[in-house]
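> with the input below, show me the fold.
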Amino acid sequence: MVTLADVARHAGVSASTVSYVLSGKRSISAPTRERIQHSIDALGYRPHAGARALASSRTDILALMMPLRTGLYMPVMMEIAMAVTTAARSHGYDVLLLTGEEGPEAVRRVEGSAIADGMIVMDVELDDPRLPCLREAERPAVLIGLPAETVGSSETADAAGEAGEAELTDMADPDGLDCVDLDFEAAGARCVEHLAGLGHTGIAVIGEPPAVYERGTGFAARTLTGLRAAADAHGVGLLHRPVDGTYAAVAAAVTRVFEERPGTTALVVQNEAAVEPLLALLRHQGRAVPEDVSVVAICPDQVAVHASVPLTAVSVPAQEMGRLAVERLVARLGGEAARGTELIAPRLTERASTGPAASTRPAAGAGPAAGAQLVAAGTTAPSRSAALDPSASPAAQPTPTDSTGPTDSTDPADSIEGRRGHGGR
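Here you go, the predicted structure:
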């Protein structure tokens, strides 16, 4: 193994001079630095990480806290982790992955043992118990997600999301937290706006598993806030159902939706594991997508593109989120102050899963009413006629189960979200 002394002999300098070049603690002339670097390259020398850390108080390691919790869709989490790792290497850092549900103890361990120069924190809850320790830590941290206390007024432009521009919204945080994330509130609103523009007045949300809402995971709560606000603004009836990603769970939830809200003509899915069970169920029930039911998802592009029906979707930009987090943390390690919250504008891509609401789609050569009658006559789903009956729409029947407002008092997630308020990923 090549040692520092070998490099010194090869370059014709003292070992201390090589050490100063490596640590940057003293100014060394350019010709001497170049000669030492040539010797390092020629001999294949690699500084000892432990010795370098002792000498410089730097480890060149970033800690990534990614607790493996119930209800999370692991492919997305791993895509973010891979993006963090790739971006970190481009800046000369390695990544230490911490997957335990240790909460504040993990932060104390990283801070107390100095095993990493900084921390990137995932799966952020609204009232995240790690925050006090992160604020007190000497080592900087960046959150991929927003706790409740950082959420402010997002000014992300809808036009930027429609155009697919990588527009970012910065919101200052007085307490010095650095956060990056997709603007999930705007993403939820964008889904409703798209469907309302197609004439849908009854929308159901197939949400994350119940455990995600119960522990106050920020991105899910923020999406629900955006969905409800847009539904209010457009006079659209909205029903939310947390769902585990199994076929049985999806079937039970969707069957209940069409029983309670027969006028439902569109579904918003924020649960990647539920996508294929949902599409299979709709086929089994004889509901064509998008002719009978439109489906919009909030998911990574690969999930939307490779679904059995290519999905209109707001993309979850996992690669960009991981890269931005690393860039923020590297900047902090370089001496920059915290910049607050940075949100990525949502981008909705239209594919094959959305179309005009069935009750407003005219048949060829006929008016809207005739078109609705024709579609109703050819359906096989038991609740289809009710869904196409204008008198069954939320606007025509303002009953508790057909309310045009976004609140569903039977939804267990409502009380959770209302209790915790707005929050982040």
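
> contact partners for Gly145?
Shown in contact with Gly145 (Cβ atoms under 8 Å, 6 or more residues apart in numbering): Val121, Met122, Asp123, Val124, Cys179, Asp181, Gly218, Phe219, Gly424, Arg425. (Glycine included, C-beta is placed from N, CA and C.)

> how about the nearest residue to Thr217 once chain neighbours are set aside, what does it touch?
Using Cβ to Cβ, 6 or more residues apart in numbering and skipping residues adjacent in sequence, the residue nearest Thr217 is Glu125, 5.8 Å away. Neighbour list for Glu125: Pro147, Arg215, Gly216, Thr217, Gly218, Gly423 [criterion: Cβ under 8 Å, 6+ apart].

> so what's the gap between stretch 272-282 and the chain middle?
20 Å (Cα atoms, centre = their mean, to the nearest Å).

> would you mark the buried spots in stretch 80-100?
Ile80, Ala81, Ala83, Val84, Thr85, Ala87, Ala88, Tyr93, Val95, Leu98 (16 or more other Cβ atoms under 10 Å).

> pretty sure the second one contacts Met66?
Same thing as Ala81. Yes - here Ala81 lies in contact with Met66, judged by Cβ atoms under 8 Å, at a distance of 5.8 Å.

> what is in contact with these two at once?
Common contact partners of Ala81 and Met66 (Cβ under 8 Å, 6+ apart): Leu97, Met122.

> so for the strand or helix carrying Val257, what's the average pLDDT?
Using DSSP states H and E, Val257 maps to helix 247-260. What helix 247-260 shows for mean pLDDT is 96.

> cool, stretch 142-154 as well?
74.

> same check, this time on stretch 108-128
The pLDDT scores in stretch 108-128 average 93.

> now do the buried residues in it.
Buried positions in stretch 108-128, judged by neighbour count with 16+ other Cβ under 10 Å: 110-111, 116-126, 128.

> thinking again about what came up before, reformat the buried residues of stretch 80-100 as JSON lines; add secondary structure.
Below are the buried residues of stretch 80-100 laid out as JSON lines (DSSP: H, G, I helix; E, B strand; the rest coil):
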{"residue": "Ile80", "secondary structure": "helix"}
{"residue": "Ala81", "secondary structure": "helix"}
{"residue": "Ala83", "secondary structure": "helix"}
{"residue": "Val84", "secondary structure": "helix"}
{"residue": "Thr85", "secondary structure": "helix"}
{"residue": "Ala87", "secondary structure": "helix"}
{"residue": "Ala88", "secondary structure": "helix"}
{"residue": "Tyr93", "secondary structure": "coil"}
{"residue": "Val95", "secondary structure": "strand"}
{"residue": "Leu98", "secondary structure": "strand"}
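
> go through these and name the one nearest Val21.
Using Cβ to Cβ, Tyr93 is the member of the buried residues of stretch 80-100 that lies nearest Val21, at 20.3 Å.

> tell me who's in contact with that closest one.
Shown in contact with Tyr93 (Cβ under 8 Å, 6+ apart): Asp60, Ile61, Leu62, Asp117, Val326, Val330.

> you'd agree the first one is up against Ile115?
So that's Asp60. No - using Cβ under 8 Å, Asp60 is not in contact with Ile115; the gap is 11.5 Å.

> which residues belonging to stretch 22-37 are considered buried?
Residues Leu22, Ile28, Thr32, Arg35, Ile36 are the ones in stretch 22-37 that count as buried (16+ other Cβ under 10 Å).

> measure that stretch end to end?
Start-to-end span of stretch 22-37 (Cα to Cα, to the nearest Å) is 9 Å.

> what's the mean pLDDT across that stretch?
Stretch 22-37 comes out with an average pLDDT of 84.

> do the same with stretch 350-366
74.

> circling back to that earlier point, which pair in the contacts of Glu125 spans the largest distance?
Spanning the widest gap among the contacts of Glu125 are Pro147 and Arg215, at 12.7 Å by Cβ to Cβ.

> Ile206: which of the contacts of Glu125 is nearest?
Of all the contacts of Glu125, Thr217 has the smallest distance to Ile206: 16.3 Å, by Cβ to Cβ.

> Arg287 contacts Ala280, correct?
No - applying Cβ under 8 Å as the test, Arg287 and Ala280 come out as separate, 11.3 Å apart.

> that older thread, reformat the buried residues of stretch 80-100 as CSV; add distance to Ala251.
Output for the buried residues of stretch 80-100, formatted as CSV (distance: Cβ to Cβ, whole Å):
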residue, distance to Ala251
Ile80, 30
Ala81, 32
Ala83, 34
Val84, 36
Thr85, 38
Ala87, 41
Ala88, 42
Tyr93, 46
Val95, 40
Leu98, 37
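
> what is the nearest of those to Glu320?
Closest approach to Glu320 among those (Cβ to Cβ): Ala83, at 7.7 Å.

> what's in contact with the helix or strand hosting Gly188?
Per DSSP H and E, Gly188 falls inside helix 184-197. Helix 184-197 has contacts (Cβ under 8 Å, 6+ apart) with 154, 156, 158, 161, 203, 218-220, 222-231, 234, 236, 238, 266, 268, 270, 294, 296, 298, 312, 314, 343, 345-346, 348, 350, 354, 422, 424-425.
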